[in-house]
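A.B. asks: got a sequence here, can you model it:
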Amino acid sequence: MSMGKRIMPGRPPDKGSFPLDHFSECSDLKEEYLRCLKENKHDNMSCRYLSKKYLQCRMDRNLMRREPMKSLGFTEEETKPKPARKKNKTKTKEEEGWVVGVDGIRPERSNEWRRPTLINIRAFMGDGKKEKS
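C.D. replies: Sure thing, here's the model as predicted:
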């Protein structure tokens, strides 16, 4: 009973929401895709052919609405594995062996060091340069 309030009618799920695979009809493809991701350091471009097969399996078994693969972002050429992309990541200074206490201090620049303070005492004392009379 709604107690006088109007009940909004339901609406169908958005694209991408579909029934679960209760009978594990396509789970072997899912496992193969996850294995491929692990082998290729989680580079999905080398495993796209498996995700295409998985979605095709779901469409064949009425677990999702049939749609052209092009509208799902796949091309006709994606039928076999591709080599993983190379990541040209430069090493950080810590990975190259930089040490905080040793490499951060340059003795030749020690005359430029300033002790951090909350109050600038020299401003109150007039630069500390007074002539003696």
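A.B. asks: name the element the residue nearest the centre of the chain belongs to?
C.D. replies: Note on the chain: the residue nearest the mean C-alpha position is His42, at 10.8 Å, using C-alpha atoms, centre = their mean. Following DSSP states H and E, there is no helix or strand that holds His42.
A.B. asks: tell me who's in contact with it.
C.D. replies: For His42, the contact set (C-beta atoms under 8 Å, 6 or more residues apart in numbering) is empty. Using the backbone N, CA and C atoms, a C-beta is placed for each residue, glycine as well.
A.B. asks: measure it to Ala84 for me?
C.D. replies: When distance is defined by C-beta to C-beta, to the nearest Å, His42 is 9 Å away from Ala84.
A.B. asks: now the residue nearest to the centre of the chain: phi and psi?
C.D. replies: With angles defined as degrees, to the nearest 10, His42 sits at phi 60, psi 30.
A.B. asks: tell me the pLDDT at it?
C.D. replies: We have a pLDDT of 87 for His42.
A.B. asks: ditto for the one 10 residues further on
C.D. replies: Predicted confidence (pLDDT) for Lys52: 93.
A.B. asks: what of Cys47?
C.D. replies: 90.
A.B. asks: that one: what's it in contact with?
C.D. replies: Per C-beta under 8 Å, 6+ apart, neighbours of Cys47: Tyr33, Cys36, Leu37, Asn40, Pro81.
A.B. asks: sorry, back to before: anything in contact with each of His42 and Ala84?
C.D. replies: Common neighbours of His42 and Ala84 (C-beta under 8 Å, 6+ apart) do not exist.
A.B. asks: pull out the buried residues from stretch 34-45.
C.D. replies: By neighbour count on 16 or more other C-beta atoms under 10 Å, the buried set for stretch 34-45 is Cys36, Leu37, Asn40, Asp43.
A.B. asks: which pair of those residues spans the longest distance?
C.D. replies: Greatest spacing in the buried residues of stretch 34-45, by C-beta to C-beta: Cys36 and Asp43 (9.3 Å).
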